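Engineer: with the sequence up front, the predicted model follows.
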Number of protein chains: 2
Amino acid sequence: MRPTIRDVAQHAGVSIATVSRALRDSGSVRKDTRARVLEAAEQLNFTPSRLGRQLAERRHAANGIVFPDLSGPYYAEVVLGYEAVAAERERSVLILSTHGRANAEAMVEDLATRCDGMVVMGRTISDDAVERLVSRGMPVVLLARPPIGDIDSVNADNRTSAVALGRHMLAQGARRVAFVGDPAASPDVQERWSGLQDALAEASAKGEATVDLVSVQGFGEETGAAVARRALESRNRRPLPDAFVCANDELALGLMDTLLAADVAVPDRVLVSGWDDVMAARYAGLTTVRQPMRALGGTAARLLDELVTGARTEPRHELLPTELVTRASTSPHPAQK
Amino acid sequence: MRPTIRDVAQHAGVSIATVSRALRDSGSVRKDTRARVLEAAEQLNFTPSRLGRQLAERRHAANGIVFPDLSGPYYAEVVLGYEAVAAERERSVLILSTHGRANAEAMVEDLATRCDGMVVMGRTISDDAVERLVSRGMPVVLLARPPIGDIDSVNADNRTSAVALGRHMLAQGARRVAFVGDPAASPDVQERWSGLQDALAEASAKGEATVDLVSVQGFGEETGAAVARRALESRNRRPLPDAFVCANDELALGLMDTLLAADVAVPDRVLVSGWDDVMAARYAGLTTVRQPMRALGGTAARLLDELVTGARTEPRHELLPTELVTRASTSPHPAQK
DNA sequence: TTGAAAGCGGTACCAG
DNA sequence: CTGGTACCGCTTTCAA
């Protein structure tokens, strides 16, 4: 059995109150008394029980983060940035990945009972569920998810780069643009799709360009490859687009690979772009949009900490900049050359 | 103030014992009594305090995982695999990334006070620190780290693939082989280096091959690039190796990129291999060794759960298979052609 | 400077 | 089937 504070007290010949004080330098304890207590604690190999302490202090000294999935470099980097800042502030980190589990909300409710505050990322639980947490007094920061009322939020600036990307595609000579992704699956994707449409709106109106949505289920390379295969199969009935703007890099990489394997030249015949700027994008020469993944997580951790410690009460909404990175997959379109 | 079990009891006109039973379907409670309790709990928006419950039950229902770093696809996938299995078994997951922090052991000690068991990965804390945890009764599973006494462990089979890789390099015509990595930095790297030496031992003895260690600090692309630059600069004094066997993919990718930029042909002049089979390796055509990252994490979670629940007491040591994946970066060496 | 005792919010045993 | 009550291990008044 692990020793308790009472064992230490008895061993040192003092009361448990004194042990508690001595162990945390709180209150006043005579020097030699403290020494005796520390000695006893050492001998018994005593570590105070976190549960007892937390129950008495009524706090967890832990923060949670809820995200849809950890696969792929994006979420991992975000969580990394989060953990780094949280650890710096001496708060433990509880992670919960919902990946589409049906009981996600229950799991989040459960998580909420174990921490002093939490970051809720993207498409994990409903707005209602979030508000329920907040109404119960739980500090919450939304990450990669549009603000809900006065709840703090941290987002990457999807729109600006989506517009820039759309213009870039036009400038490279694209006329028939397809967006690959599921806007309903994530608020980020929603913004990218809508930004792209805005960028092409004028050209569309003049009949100089078209922009279509290729809605897909997943986010992985295999999904991208499937989109490419479908497009290739139906190319008699429906010509290939000039440009595929994909919701993330994995989609784009899978798609591009399949096109190349079918001898469809990228970028000579079709332009392709992704989103995130993962490592593979660099090696594949993929045009993409870089977002500050670590900073997203770190900023969320910082905002949450301010909320938990009560250092700040007025809400904040952070928008972190993104950057268009052009590479070989969108070099000038033949029509332009 | 959050309602407590006493509030609910009062509201429902029963004792707290009955509330406790009703809320957890334990013991026997009359149907209508239960209904009344649930109703009261609902009305008060009551959620039992995790702390109170855990203190009484003397368990956390949470597991920890300690890893060196979360950057790069490798650790992220491992943690993902871990979280998936843990969640399935209704255990929360506490993560702690030590990345070389000086107070890593203290952080781990702290983590230990918050969970019922933990997975300790690679080069994070000393063997002594691990044994201290175990001696205090904490269930521990080692991951990507050689066994310590009877402590459970889960490892990828580095040696077999390291030998296969060495033989492959010889078969492709390499004679001067360099291993890039820091064996002291991680047990995995140590095994890869030693397996490679074994594979080349015979050829070495006959004077048909040499194998050198290029010791480096980091694990990233930049480190790999620096190795390439140094090798290129000193090529008058010391000819370039025929093959660079790198401790992981990031090193290999950075190195290969720099070689190519300097017009050193890969694989025609130099062969390059990595380790892990991250996504970028596929797009860069890098020969590498695939390890079951998710399964590593998942297996560790399973073993730990068995320990925590007491379902198993005799120690286990799992060795998961790896697989050599040959790609363009090691296609036949010119000398062979 | 120290100790006694009242919580913190539950669980579980023992009577009734 | 239900209530009373003794913990679980610590923090924190309040007195001495």
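Structural biologist: That came through, no problem. Because the structure is a prediction, the values reported are computed rather than measured.
Engineer: what residues does the stretch 1-150 of chain A put near DNA strand C?
Structural biologist: For the stretch 1-150 of chain A, the contact set with DNA strand C under C-beta under 7 Å from any atom of the strand comprises A:13-18, A:21, A:27-30, A:33-34, A:55-56, A:58. C-beta here means a position set from N, CA and C on the backbone, and glycine is covered the same way.
Engineer: could you redo the last one with a cut-off of 10 Å?
Structural biologist: Contact residues (C-beta under 10 Å from any atom of the strand) of the stretch 1-150 of chain A with DNA strand C: A:5, A:9, A:12-22, A:26-34, A:36-37, A:51-58, A:113.
Engineer: among those residues, which lie within helices?
Structural biologist: Among those, the residues falling in helices (DSSP state H) are A:5, A:9, A:12, A:16-22, A:31-34, A:36-37, A:51-57.
Engineer: need the buried ones from these selected in ChimeraX.
Structural biologist: To isolate the buried members of those in ChimeraX, using 16 or more other C-beta atoms under 10 Å in any protein chain shown:
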select /A:5,9,12,18,19,20,21,22,33,34,36,37,51,53,54,55
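Engineer: tell me where the longest helix sits in chain A.
Structural biologist: Assigned via DSSP H, chain A shows its longest helix as helix A:187-205.
Engineer: after it comes which helix or strand?
Structural biologist: strand A:210-214 (DSSP states H and E).
Engineer: quick one: mean pLDDT for that following strand?
Structural biologist: The average pLDDT for strand A:210-214 rounds to 96.
Engineer: cool, stretch A:149-169 as well?
Structural biologist: Average pLDDT, stretch A:149-169: 97.
Engineer: in that stretch, what counts as buried?
Structural biologist: Using 16+ other C-beta under 10 Å as the test for burial, stretch A:149-169 gives A:151-166, A:168-169.
Engineer: quick one, what contacts residue A:281?
Structural biologist: Residue A:281 is in contact with A:249, A:252, A:253, A:274, A:288, A:325, A:327, counting by C-beta atoms under 8 Å, 6 or more residues apart in numbering or on different chains.
Engineer: any idea how far residue A:256 is from residue A:135?
Structural biologist: Counting by C-beta to C-beta, to the nearest Å, the gap from residue A:256 to residue A:135 is 46 Å.
Engineer: so between these two, which is more surrounded?
Structural biologist: Neighbours were counted for residue A:256 and for residue A:135 using other C-beta atoms under 10 Å in any protein chain shown; residue A:256 has more, 29 against 9.
Engineer: isn't the more buried one up against residue A:288?
Structural biologist: No: Residue A:256 lies out of contact with residue A:288 (C-beta atoms under 8 Å); the separation is 11.3 Å.
Engineer: narrow the buried residues of stretch A:149-169 to those in strands?
Structural biologist: Of the positions in those, A:152, A:153, A:154, A:155, A:156 sit in strands, assigned by DSSP state E.
Engineer: which residues does the residue of the stretch 101-250 of chain A found nearest DNA strand C contact?
Structural biologist: Closest contact between the stretch 101-250 of chain A and DNA strand C, by C-beta to the nearest atom of the strand, is at residue A:113 (8.9 Å). Neighbouring residues of residue A:113 by C-beta under 8 Å, 6+ apart: B:47, B:48, B:49, B:50.
Engineer: okay, the second one and residue A:135: tell me how far apart.
Structural biologist: Shown here: residue B:48 relative to residue A:135, a distance of 18 Å by C-beta to C-beta.
Engineer: retrieve the pLDDT associated with whichever residue of chain A sits closest to DNA strand C.
Structural biologist: Using C-beta to the nearest atom of the strand, residue A:28 is the residue of chain A that sits closest to DNA strand C, at 2.2 Å. Per-residue confidence (pLDDT) for residue A:28: 84.
Engineer: for it, give me its contacts.
Structural biologist: residue A:21.
Engineer: how close does it sit to DNA strand D?
Structural biologist: Residue A:28 sits at a distance of 10 Å from DNA strand D (criterion: C-beta to the nearest atom of the strand, to the nearest Å).
Engineer: repeat that for residue A:180.
Structural biologist: According to C-beta to the nearest atom of the strand, residue A:180 stands 54 Å off from DNA strand D.
Engineer: run a quick neighbour tally on that residue.
Structural biologist: As a measure of burial, residue A:180 has 29 neighbours, counting by other C-beta under 10 Å.
Engineer: what does the one 5 residues further on give?
Structural biologist: Residue A:185 is flanked by 19 other residues according to other C-beta under 10 Å.
Engineer: for it, give me the pLDDT.
Structural biologist: Per-residue pLDDT puts residue A:185 at 85.
Engineer: hmm, it is touching residue A:100, no?
Structural biologist: No: applying C-beta under 8 Å, one finds residue A:185 not in contact with residue A:100, separated by 9.9 Å.
Engineer: got a list of what the residue of the stretch 151-300 of chain A found nearest DNA strand D touches?
Structural biologist: Per C-beta to the nearest atom of the strand, residue A:152 is where the stretch 151-300 of chain A lies closest to DNA strand D, at 27.1 Å. For residue A:152, the contacting residues are A:140, A:141, A:142, A:303, A:304, A:307, A:315, A:316, A:317, by C-beta under 8 Å, 6+ apart.
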